[in-house]
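>>> A structural model of the following input is requested.
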Amino acid sequence: MSDEIVLKKREAIALSYDDQKMSAPKVVAKGRGELAERIIEQAKLHHIPIQEDPSLVEILSKINMNEQIPEELFQVVAEVFAFIYRVEKEASKNINKQEK
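The predicted model follows:
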């Protein structure tokens, strides 16, 4: 399962995707102001990558909670998830190097 947070000036959207259970990522949290800050805090607490992309936040904010992203956003969201996978893989390599 992969999760991500996309934020824009105190606005945050959290996506979740499990390729074993879902056909597309879905919006699992979103908020502005104080709620956005809490979403971001929880992401950091659980080591969920945060991607800052104001235009993507604007688009994703129009999607309802627990709704999957529409097909026309698959490519852009796939690029964000690919970035996250690369970051996680690199972090894992660094941790393994430190343990040796």
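>>> quick one, helices of this protein?
For the chain, the helices defined by DSSP state H occupy 34-45, 54-60, 74-99.
>>> who wins for proximity to Ala24 among those helices?
Closest approach to Ala24 among these (CB to CB): helix 74-99, 6.7 Å. Any C-beta I mention is one placed from the backbone N, CA and C, and that applies to glycine too.
>>> what average pLDDT does that closest one get?
Across helix 74-99, pLDDT averages out at 79.
>>> where does pLDDT dip in the chain?
Applying pLDDT under 70 to the chain picks out residues 1-2, 4-9, 96-100.
>>> of the helices of the chain, flag the one that's most buried.
Highest mean neighbour count among the helices of the chain (mean count of other CB atoms under 10 Å): helix 54-60, with a mean of 17.
>>> check the offset of that helix from the chain's centre.
With CA atoms, centre = their mean, to the nearest Å as the basis, helix 54-60 stands 12 Å off its chain's centre.
>>> do the same with stretch 13-25
Distance, centroid of stretch 13-25 to centroid of chain: 10 Å (CA atoms, centre = their mean).
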